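A.B. asks: need a 3D model of the following:
(4 chains)
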2 protein chains.
Amino acid sequence: MEANNKEGCRDKSGNSTTSAAIVAMMREAQIQPSMQRMAVLELLAAERCHPSAEEIYSRLLPSVPTLSRTTVYNTLHLMAEKNLVHEIEIEPGVTRYDLAARPPHGHFLCRGCGRIFDIELTVSPDDVPGEFVTDSVDVFCRGLCPECAAAGSAETD
Amino acid sequence: MEANNKEGCRDKSGNSTTSAAIVAMMREAQIQPSMQRMAVLELLAAERCHPSAEEIYSRLLPSVPTLSRTTVYNTLHLMAEKNLVHEIEIEPGVTRYDLAARPPHGHFLCRGCGRIFDIELTVSPDDVPGEFVTDSVDVFCRGLCPECAAAGSAETD
DNA sequence: TTACAAAGTTACAACGATTCCAATCATACT
DNA sequence: AGTATGATTGGAATCGTTGTAACTTTGTAA
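C.D. replies: Predicted coordinates for the structure are as follows:
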């Protein structure tokens, strides 16, 4: 893939969640709010860039120098199990994470810049035909984001 | 995951595609029809079990003993690029493959038996909101297949 | 305050899917 | 035949993730 997403997460949404809210979320999910776990959840709540475990780890390392990769993985697995986060496997080889406490939405992977966007597009479990018992439905789209599409068509003009 | 899919692919659809048809598909996609590539595409056309690269490799090995894993990967990448096959990343850590020459459909991963089912549920690229240029949309569902759901509810009866 | 159990964290080894690479082989065109 | 091009091969290397055993922290009760 020549796409690059190295610039990191641009989408720092202004709504920074307070530590109190973070702790409340974890208590509700029956998860002990340790420092490390709070750091992970806080990162996920503050930014909307669907980071991978590795990205979470390296982004947290400066402020939590003794942090271990294993702890990040343990934490994310625990939170996924307790439905605090969703796992997103839109790219081969990496699992990305998204706060579950958001309105349901689809995801769009841009093949230009490699970024992943939230889009308002969902499918209801009720739409699944047949006698399936459906826990969840994910919608993954691929193509060009508005920016890259504009840049691409500008080039060929 | 305690789910098992070891039994392999049950869904041998009767419609075995002729070698001639296989070759035609490849010619159309501008792919040289080598023995190895034909074997891969033939397997994909004959069975509807969404095999992984490893599964394709080990299933082909008896009849093509000198086959290399790398060739399987090369072939699948090439065919994906030429839109002869689709990559399905419904499970973490493995890419599965599906013949592209089928009516579009969604996929359902059963957490009971681990099998992947085709379901009649798709989303049109036109439904993606905003200025995105959408190449493809995948719908991935998780839950229990009819068999496992029945077995589960029978247990608790 | 000490003691102890339970839970959480850590570093590192191990694993599996995939990719990389250099060598070999097959094919088609002079 | 000779050569260029593309396909195939096997093995090493990479990368995300998981497993493991030791260590640290926390909570609780003497």
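A.B. asks: can you tell if stretch A:58-74 touches chain B?
C.D. replies: No. Among the residues of stretch A:58-74, none lie within reach of chain B under CB under 8 Å from any CB of the partner chain; the closest is 12.0 Å away. Yep, even glycine has a C-beta here, placed from its N, CA and C like the rest.
A.B. asks: the strands in chain A, which residues?
C.D. replies: For chain A, the strands identified by DSSP state E occupy A:85-91, A:94-99, A:106-110, A:116-119, A:133-144, in order along the chain.
A.B. asks: contacts for the longest one next, please.
C.D. replies: Meaning strand A:133-144. With contact meaning CB atoms under 8 Å, 6 or more residues apart in numbering or on different chains, strand A:133-144 is reached by A:88, A:90, A:106-112, A:119, A:121-125, A:127-128, A:152, B:108, B:111, B:123, B:125, B:128, B:132-144, B:149.
A.B. asks: interface residues of chain A facing DNA strand D?
C.D. replies: Among all residues of chain A, those adjacent to DNA strand D (criterion: CB under 7 Å from any atom of the strand) are A:34, A:52-54, A:69-70, A:73, A:77, A:93-95.
A.B. asks: now the helix-or-strand element of chain A with minimal mean pLDDT against strand A:106-110, angle please.
C.D. replies: The helix or strand with the lowest mean pLDDT-type score in chain A, counting by mean pLDDT, DSSP states H and E, is helix A:146-155 (a mean of 86). Orientation check (axes from the mean of the first three to the mean of the last three CA atoms, to 10 degrees): helix A:146-155 against strand A:106-110 gives 30 degrees.
A.B. asks: in helix A:146-155, which residues are buried?
C.D. replies: Within helix A:146-155, the residues scored as buried using 16 or more other CB atoms under 10 Å in any protein chain shown are A:148-149.
A.B. asks: how far does it sit from its chain's centre?
C.D. replies: Taking the mean of its C-alpha atoms, helix A:146-155 sits 25 Å from the chain's own mean (CA atoms, centre = their mean, to the nearest Å).
A.B. asks: now the angle between strand B:133-144 and it, please.
C.D. replies: What separates the directions of helix A:146-155 and strand B:133-144 is an angle of 150 degrees, with the same axes, to 10 degrees.
A.B. asks: elements contacting helix A:146-155?
C.D. replies: Based on contacts counted as 3 or more CB pairs under 8 Å, 6 or more residues apart in numbering or on different chains; DSSP states H and E, there is no element that helix A:146-155 packs against.
A.B. asks: can you pull the contacts of the residue of chain A found nearest DNA strand D?
C.D. replies: When you check chain A against DNA strand D by CB to the nearest atom of the strand, the closest residue turns out to be residue A:95, at 3.4 Å. When contacts are counted by CB under 8 Å, 6+ apart, residue A:95 is found next to A:52-53, A:87-89, B:92.
A.B. asks: over to residue A:22?
C.D. replies: Taking CB under 8 Å, 6+ apart as the definition of contact, the neighbours of residue A:22 are A:33, A:38, A:41-42, A:45.
A.B. asks: ok, residue A:96 next?
C.D. replies: By CB under 8 Å, 6+ apart, the residues touching residue A:96 are A:50-52, A:87-90, A:116.
A.B. asks: now do 10 Å
C.D. replies: Contacts for residue A:96 (CB atoms under 10 Å, 6 or more residues apart in numbering or on different chains) come out as A:49-53, A:55-56, A:85-90, A:107, A:109, A:116.
A.B. asks: only the buried subset of those residues, as a PyMOL command please.
C.D. replies: Of the contacts of residue A:96, the buried ones can be selected in PyMOL as follows, counting by 16+ other CB under 10 Å:
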select buried, chain A and resi 49+50+51+52+53+55+56+85+86+88+89+90+107+109+116
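A.B. asks: now, which of the contacts of residue A:96 sits nearest chain B?
C.D. replies: residue A:89 (5.2 Å; CB to the nearest CB).
A.B. asks: ok, the closest one to DNA strand C distance?
C.D. replies: Distance of residue A:89 to DNA strand C, given as CB to the nearest atom of the strand, to the nearest Å: 11 Å.
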